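Visitor: Using only what follows, build the 3D model:
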Amino acid sequence: MFAYETQILQRLAVLVVCHDLAVGQILSHNFQLQRPMSWFQAREFCQRHYVDLTVLSTEEQYFTLLNATAANKVSFWLGLQHQSTFSGWKWVNGEELSYSQWFRENDADCASLEAMLKEDNKLLARYCDEPHMFVCQGPVSPQPVAVDSVGSDHVILSWNISAFMQMTPHSYNVTTCTNKCDTLVFPYTGGSAFMSINISYLTSAKEYFIEISAFVRRPDNVTGRDMTLRSKPTALQVKPASLADSGSQHNVIIVILKSLKLVSLAPPLWILYRILKKCELKSESESESVHDVSQVELSAEETIVELFPQKTRGVG
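Guide: Residues are numbered from 1 along each chain as shown. Reported below is the predicted structural model:
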């Protein structure tokens, strides 16, 4: 159906929200395509070359794209479609529309973003076979990432797979840095909303710096190679618990050694204390003996004086 679609992709795609453009690899989130197509053709194109038509789950995402397309005066298909009277408007990943930014909602079944409107309410219901430009979405990085286990040589991480990413085969680049950086690839096999990985044989370090990014590969008929689209990485720092434990153990060991040292010094200190105590008692005993002798001698002298009072006065 699209004989030269990849060439159009290479020449006319404009990165709306992107990070780092490199040869053979595009790091991106949303792509604004300049070729008008029906809603269904646009979705097929996005699924073949990206992930799907863009999903704006929150108002924050809505206004981010709104600001990015402010300079354009055209209509863009979004991945938003009216399912039925009962289910209402849903994104292509199955999520319901959780906010109301409608310029006008009528009986049409596909939604566009009207960049030419001045007001913030720019969602418009249109008939799906109308030709409009469109916005594709690239892979989404995992948010948040949980640290389930960490040791001196391994880290176990886990995260929930978004409904958007469950719809397409993809993989994760996991880069772990200590003194050097190593990158591992973990494929998502599908059928689960949960991902858990074990990074083993790590070099022991005080901290691990980890980046995780999702990526998909799409064929590039122009160059004959695959084009890789990678999300903006999720970064985290992990400190091995074993190092903190070893520090606590080290402190405990020091306290124990100090206690043992004091215990080993107790016997000689007790002996020394006894010796000093004996010396102190002996010194006090001798001091008391001298004091008693002095008292005795003084009493004898006074007695002598009293015994010969007349003789003493006669000599005078």
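Visitor: does Ile275 count as helix, strand or coil?
Guide: Under DSSP: H, G, I helix; E, B strand; the rest coil, the three-state class of Ile275 is helix.
Visitor: Any idea how many residues pack against it?
Guide: By other CB atoms under 10 Å, the residues close to Ile275 number 10. (Glycine included, C-beta is placed from N, CA and C.)
Visitor: any low-confidence regions in the stretch 101-250 of the chain?
Guide: Within the stretch 101-250 of the chain, the segments meeting pLDDT under 70 span 221, 241-250.
Visitor: Now do the helices in it.
Guide: In the stretch 101-250 of the chain, the segments counted as helices under DSSP state H, counting those that start in this stretch are 241-307.
Visitor: all strands of it, in order?
Guide: With DSSP state E, counting those that start in this stretch, the ranges of strands along the stretch 101-250 of the chain come out as 102-104, 110-114, 123-126, 132-137, 146-150, 155-160, 170-177, 181-188, 194-199, 208-219, 226-230, 234-238.
Visitor: which other helices and strands contact the second one?
Guide: Strand 110-114 makes packing contacts with strand 75-84, strand 123-126 when contacts are defined by 3 or more CB pairs under 8 Å, 6 or more residues apart in numbering; DSSP states H and E.
Visitor: which other helices and strands contact the last one?
Guide: Put plainly, it is strand 123-126. With contacts taken as 3+ CB pairs under 8 Å, 6+ apart, strand 123-126 sits against strand 75-84, strand 102-104, strand 110-114.
Visitor: Kindly state the domain boundaries assigned to this protein.
Guide: Domain segmentation of the chain under automatic domain parsing yields 5-137, 146-219+227-239, 245-309.
Visitor: Single out the most deeply packed of the ones you listed.
Guide: Each of these was assessed for mean neighbour count using mean count of other CB atoms under 10 Å. The highest is domain 5-137, with a mean of 17.
Visitor: ok so, going back, comparing the helices and strands packed on strand 110-114 by mean pLDDT, which bottoms out?
Guide: Looking over the helices and strands packed on strand 110-114, mean pLDDT reaches its minimum on strand 75-84, with a mean of 92.
Visitor: Now distance to Phe63 too, for the helices and strands packed on strand 110-114, in TSV please.
Guide: Rendered in TSV, the data for those read as follows (distance: least, CB to CB, whole Å):
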stretch	distance to Phe63
strand 75-84	14
strand 123-126	12
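Visitor: And those strands: which comes nearest Ala214?
Guide: Between Ala214 and these, the shortest gap by CB to CB is with strand 75-84, which sits at 17.4 Å.
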